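Q: fold the stuff below for me.
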Amino acid sequence: MLRPVPDPPAADTDELTATAGDTEPVAAEDNTVSAGDQDRPGPAGTEVRDDQSEDQAESEDQSSAPVAVDPPVVRERLGLPARARAADERSPVLAPWLKDPQELRFLVIWLAGFLWHKVRYHGVRVPLYLARLAGYSPRGLARTVRKVAGWLGDAEAAPLRRQAVDRNAFDEYMHLAKLRRDRAAFRA
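A: Residues are numbered from 1 along each chain as shown. The predicted structure is shown next:
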């Protein structure tokens, strides 16, 4: 069972203390707000405290506004003259590594090593692949036979024929039976 939370003790005037030599009492530290420190409404429904300027309140209000994470990129459409001026920035037709025989040789050697690694990697695992294939084949074959037999026997219309029999709708059943016969003859 939940118990109610007790209210915090109220601030009493007994907490007022006087400093030595002063006749005016000074309030102790109790986080209370005096009448001069009360909030006043600011622009756009925000509240501005006396120790806060309205510019600070506006900046806080603007910082709470949602900011787009990925603003849309505005691309300038280039006309034909602009494209002609930008022709100096074209990519080379042949990649630089194709022009350098040493780079090309390095690439061919790397590619051969990469492909040889792939052949060895999967070659070691071929027995595992064959075991998986042998394990899944009977289930796959059974599914295939069941689907093909259902398609040949027009199994998708069986619920409609059964409902026609249950409702004693002779004409509807005869129509569905004729459709089944035609489909089965066509599919076989």
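Q: all helices for this structure, in order.
A: For the chain, the helices defined by DSSP state H occupy 54-63, 80-85, 96-99, 101-152, 158-166, 170-187.
Q: between helix 170-187 and the longest one, find me the angle.
A: Read it as helix 101-152. 140 degrees (axes from the mean of the first three to the mean of the last three CA atoms, to 10 degrees).
Q: mean confidence for helix 101-152?
A: Helix 101-152 carries an average pLDDT of 94.
Q: with distance to residue 71 as added columns, please give the helices of the chain in CSV.
A: Every C-beta, even on glycine, is put in place using the N, C-alpha and C of the backbone. What follows is those, written out as CSV (distance: least, CB to CB, whole Å):
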stretch, distance to residue 71
helix 54-63, 16
helix 80-85, 24
helix 96-99, 35
helix 101-152, 40
helix 158-166, 55
helix 170-187, 58
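Q: among those helices, which comes closest to residue 69?
A: helix 54-63 (15.5 Å; CB to CB).
Q: average pLDDT across that closest one?
A: Helix 54-63 comes out at a mean pLDDT of 59.
Q: can I get the helices of the chain in JSON lines with distance to residue 73 and mean neighbour count?
A: JSON lines is the format used below for the helices of the chain (distance: least, CB to CB, whole Å; neighbours: other CB atoms under 10 Å):
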{"stretch": "helix 54-63", "distance to residue 73": "24", "mean neighbour count": "12"}
{"stretch": "helix 80-85", "distance to residue 73": "18", "mean neighbour count": "9"}
{"stretch": "helix 96-99", "distance to residue 73": "29", "mean neighbour count": "10"}
{"stretch": "helix 101-152", "distance to residue 73": "34", "mean neighbour count": "10"}
{"stretch": "helix 158-166", "distance to residue 73": "54", "mean neighbour count": "13"}
{"stretch": "helix 170-187", "distance to residue 73": "55", "mean neighbour count": "13"}
